[in-house]
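*Asks:* using only what follows, build the 3D model:
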Amino acid sequence: VCARSINLEKASESLKGNMAAFLKNVCLGLEDLQYVFMISSHELFITLLKDKERKLLVDQMRKRSPRVNLCIKPVTSFYDIPASASVNIGQLEHQLILSVDPWRIRQILIELHGMTSDRQFWTVSNKWEVPSVFSGVILGIKDNLTKDLVYILMAKGLHCSSVKDFSHAKQLFAACLELVTEFSPKLRQVMLNEMLLLDIHTHEAGTGQSGERPPSDLISRVRGYLEMRLPGKTVSQGQISEIQYSNN
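*Replies:* Numbers count the residues shown, from 1 in each chain. A predicted model of the protein is given here:
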């Protein structure tokens with residue numbers, strides 16, 4: 001009903017804000033978290049509410065629900081959304097392959113792991129590729145849900161970057177960085193490096209084509225990376241201006 005009552009392309013920001021507030025109030029008024037999951041998975045909900053708002057809503061539901069054990073999973077609040085057994089695993093796997101929205105990917109994996117405990121969903125698509133130097137660390141993660149989530153976020157981010165879909169790549173990398181910061185300094189540094197490389201590519205594909213100087217923040221980050229990789233050596237402005245970066 002909500003989706004039919006609003007045209008997102010023509011609606012004013014005020015109307016969008018009212019609809020977002022209404023959806024949040026509906027979720028907060030529900031006792032069954034499975035219905036909250038259904039609403040928060042809807043395209044309208046994802047479009048109208050920012051990622052921080054969705055996280056805050058889930059945190060509020062966690063604190064209110066006596067059924068959620070806050071100690072079950074060590075990483076982020078998203079694990080505490082219960083699964084709906086009525087959804088077909090094959091359909092969810094198909095959605096997992098297609099989605100590039102980090103929040104939706106989390107929700108799908110939560111749902112899948114709630115339905116079966118003996119599957120590794122990072123293997124669903126043979127197109128999900130992560131460099132072996134990183135995959136060994138990721139596949140060593142003991143929690144299967146965390147392992148799937150980190151691997152898929154990174155693989156999708158790398159793919160989006162390779163096809164110059166920099167906007168989605170940045171969202172995926174940012175979500176992965178937030179996740180691994182909780183438990184792996186090594187993977188955190190990997191994601192910081194990938195986000196630096198992504199920002200370089202974004203500049204080169206945009207204003208860099210016209211010869212515009214990179215923003216000072218990007219230059220500073222490149223300098224910091226090069227000095228980290230070349231300890232004891234002074235990095236020249238010429239090296240930085242080339243903005244050449246490698247993971248190797």
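*Asks:* on the three-state scheme, the closest residue to residue 147 other than its chain neighbours is what?
*Replies:* The shortest distance from residue 147 to any non-neighbouring residue, by C-beta to C-beta, 6 or more residues apart in numbering, is to residue 141 (4.1 Å). In this view, the C-beta of every residue, glycine as well, is placed from N, C-alpha and C. Per DSSP: H, G, I helix; E, B strand; the rest coil, the local secondary structure of residue 141 is coil.
*Asks:* how close does residue 53 sit to residue 45?
*Replies:* Distance, residue 53 to residue 45, by C-beta to C-beta, to the nearest Å: 10 Å.
*Asks:* neighbour count: these two, which is higher?
*Replies:* Per other C-beta atoms under 10 Å, whichever of residue 53 and residue 45 has more neighbours is residue 45, with 23 against 14.
*Asks:* which parts of the helix or strand harbouring that one are buried?
*Replies:* Taking DSSP states H and E as the definition, residue 45 sits inside helix 43-48. For helix 43-48, a neighbour-count test (16 or more other C-beta atoms under 10 Å) marks 44, 45, 46, 48 as buried.
*Asks:* tell me the phi and psi of the residue nearest to residue 147?
*Replies:* phi -70, psi 130 (degrees, to the nearest 10).
*Asks:* so who does it touch?
*Replies:* Contact partners of residue 141, counting by C-beta atoms under 8 Å, 6 or more residues apart in numbering, are 147, 150, 184.
*Asks:* can I get these in TSV including distance to residue 221, neighbour count and secondary structure?
*Replies:* Output for the contacts of residue 141, formatted as TSV (distance: C-beta to C-beta, whole Å; neighbours: other C-beta atoms under 10 Å; DSSP: H, G, I helix; E, B strand; the rest coil):
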residue	distance to residue 221	neighbour count	secondary structure
147	29	17	helix
150	23	27	helix
184	21	18	coil
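*Asks:* relative to residue 10, which of the residues you listed is nearest.
*Replies:* residue 150 (39.1 Å; C-beta to C-beta).
*Asks:* look up how far residue 136 lies from residue 124.
*Replies:* Residue 124 sits 20 Å away from residue 136, going by C-beta to C-beta.
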